[in-house]
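Chemist: need a structure here:
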Amino acid sequence: MRQRNRFESPALVIASIALFVALGGTVYAAKQINGKAIKVKSLPGNRLKPRSVPANRLKPGVLSGAQIAGPITGAQINESTLDRVPLAGHAETADFATAATDAQTALNAVNAVNADKVNGHSAGCMPGTQPFGGACWQSKPSDFPLNAVEAAVACAKQGGTLPDALELSAFAQLSGVSLDAGDEWSGDIVIFTAEDTFGVATVTPTGTVRSAPFAKSGGSQTRKFRCVIPLVH
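Modeler: Below you'll find the predicted structure:
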């Protein structure tokens, strides 16, 4: 019997060709798919490989602090993207202050120069007085001469005292200052002989220190004087 040549049926041939094309197309497609071919929002986050998406591809605000694993260090922050911290301009000059308390002390010292009150009291020299030795000295001697005790009482009523003899002698050397020609009282007692009998130092217009007696029983001399008023009054 003659052997027949076997031919595949047309249906089988067509099916084989279709399978070959389908498999080849799958391989081709796998090689050609890229990010542009993926539909937006078609891939869930758990299908992405860790570290496969760079930070600049994420939408701003899409991640909260709770979703970031681990702390963020300074090395991971691009400083050029940060705005200035509020009031940071003042911090730029902080290097010149060793401590905030030092800065406040310096400010208080500057303000004290222009202060007209200290602890609620006026600070400065009243009209008719001039600063000398940290106090206010009356520029002119008294209008009327008194004995030493009366002069001391008069100064006390003005909130001051009679000057020391050496201070009055130094004050007499200032330009524009003229002590009374009859000497002026100081607050120094240079001689004490008995009760209410003593000698009080006086100063001449040239600054020479002398003395004049005082005695309640009589013989007391009178002199003009000037008072020294504290700077704060």
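Chemist: quick one, helices of the protein?
Modeler: Counting by DSSP state H, the segments of the chain that form helices are 10-32, 88-91, 100-113, 148-157, 165-171.
Chemist: show me where pLDDT drops low in the chain?
Modeler: Across the chain, the stretches falling below the confidence threshold (pLDDT under 70) are 1-11, 13, 18-37, 45, 55, 62-71, 74-76, 83-122, 233.
Chemist: Okay, strands next: where are they in it?
Modeler: Using DSSP state E, the strands of the chain run over residues 117-118, 121-122, 129-132, 135-138, 184-194, 197-203, 209-215, 228-230.
Chemist: From the contact counts, what lies against the third one?
Modeler: Counting contacts by 3 or more CB pairs under 8 Å, 6 or more residues apart in numbering; DSSP states H and E, strand 129-132 packs against strand 135-138. C-beta: built from backbone N, CA, C; applies to glycine.
Chemist: repeat for the fifth one
Modeler: Contact partners of strand 184-194 among helices and strands, from 3+ CB pairs under 8 Å, 6+ apart: helix 148-157, helix 165-171, strand 197-203, strand 209-215.
Chemist: tilt between the third one and strand 184-194?
Modeler: Read that as strand 197-203. Our comparison of strand 197-203 with strand 184-194, counting by axes from the mean of the first three to the mean of the last three CA atoms, to 10 degrees, yields an angle of 160 degrees.
Chemist: Kindly report the same for the first one.
Modeler: Here helix 148-157 runs at an angle of 130 degrees relative to strand 184-194 (the same axes, to 10 degrees).
Chemist: buried ones in helix 148-157?
Modeler: Using 16 or more other CB atoms under 10 Å as the burial criterion, the residues of helix 148-157 that qualify are A148, E150, A151, A152, A154, C155.
Chemist: same deal with the last one?
Modeler: Neighbour counts over strand 209-215 (16+ other CB under 10 Å) mark V209, S211, A212, F214, A215 as buried.
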